[in-house]
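> the following block contains a protein sequence and its predicted model.
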Amino acid sequence: MWEALPPPAGAERGWSARDYLAGWLDGLPATGARISAVLGFCAGSVFAAAVADRVARWQADAPELVLFDPERPTAGALYAQYHRGAELFGSVLSPQEVADVLRRGQELLHANDDVQVFGPALSELYVSAGDTAFERVGLDPVRRAELSATFTSFVNWVVAADQLDPTPAWARATVVGSATRGGTDLGGRELRVDVEHVDLLRADAVAGVLSGLLSPVPNG
């Protein structure tokens, strides 16, 4: 089992999709490991498609691609994460200040919903709001930057994923979908499981489905 973890928060600043893929894959062919399957969840399914495509270039057979509730990055999804984060500042900022933070985020979204433009702008806005909130609870600049980096790192990852087109690989994938997400209409095989999206990766039923999908695949 090999897990493609993101780099430490802040270390990925300015990374493109190519940088993330290089960080995960450089040196892997030299190990001689055979990759039997690549799994992806939600927006991470975009990167999973790219990983599967690249693995297929150096080994004789392409790995299975299994996606759990795959979705493309969107500005709306980024704003939803920003909205949740801004509401958490309510224990420190005044209601009016929180409303202003939310309003400014909505203005950015309405001005340009291109993920490549909206993402970096939203990160700057979050850092500004977070710096004010974190300073009020007595955090020093280093600690404030570390906390903000958790959000900006996520945004950078989403912006990078938006640079990839997973459509061809997704059409060949097996999709495991939750009961709370609509059909993907990707053209590949789709299996529905009666669990909510938030429980998809921890449900026994899903583990059983995955085991069945991969059981014919020899271990690498």
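Sure, I can see it.
> how about the CA coordinates for whichever strand or helix holds Gly85, as PDB?
Gly85 belongs to helix 75-88 when elements are defined using DSSP states H and E. The C-alpha atoms that make up helix 75-88 are tabulated as PDB, following Å, rounded to 0.1, in the frame of the first residue of the first chain:
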ATOM      1  CA  ALA A  75     -14.600  27.600  -7.300                       C
ATOM      2  CA  GLY A  76     -17.900  26.900  -5.400                       C
ATOM      3  CA  ALA A  77     -16.400  24.000  -3.500                       C
ATOM      4  CA  LEU A  78     -13.400  26.200  -2.600                       C
ATOM      5  CA  TYR A  79     -15.700  28.900  -1.300                       C
ATOM      6  CA  ALA A  80     -17.600  26.400   0.800                       C
ATOM      7  CA  GLN A  81     -14.400  25.500   2.600                       C
ATOM      8  CA  TYR A  82     -13.500  29.200   3.000                       C
ATOM      9  CA  HIS A  83     -17.000  29.800   4.400                       C
ATOM     10  CA  ARG A  84     -16.600  27.100   7.000                       C
ATOM     11  CA  GLY A  85     -13.200  28.500   8.000                       C
ATOM     12  CA  ALA A  86     -14.500  32.000   8.200                       C
ATOM     13  CA  GLU A  87     -17.300  31.000  10.500                       C
ATOM     14  CA  LEU A  88     -14.800  29.500  12.900                       C
END
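> from now on call the first residue 12
Noted, 12 is the first residue going forward, which turns the last one into helix 86-99.
> Val49: what's it in contact with?
Val49 makes contact with Ala59, Val62, Ala63, Val66, Pro74, Glu75, Leu76, Val77, according to CB atoms under 8 Å, 6 or more residues apart in numbering. Every C-beta, even on glycine, is put in place using the N, C-alpha and C of the backbone.
> between all of these, which two are separated the most?
Put simply, by CB to CB the two of those set farthest apart are Val66 and Val77, 13.7 Å from each other.
> and the two? which has more neighbours close in?
Taking other CB atoms under 10 Å, Val66 and Val77 do not tie; Val77 has more neighbours (25 against 22).
> what sits opposite the more buried one in the beta ladder?
Per DSSP bridges, residues listed as beta-bridge partners of Val77: Leu50, Thr185.
> could you check how far it is from Glu201?
Distance of Val77 to Glu201, computed by CB to CB, to the nearest Å: 11 Å.
> any residues in contact with both of the two?
With contacts taken as CB under 8 Å, 6+ apart, Val77 and Glu201 have Thr185, Val186, Val187 as neighbours in common.
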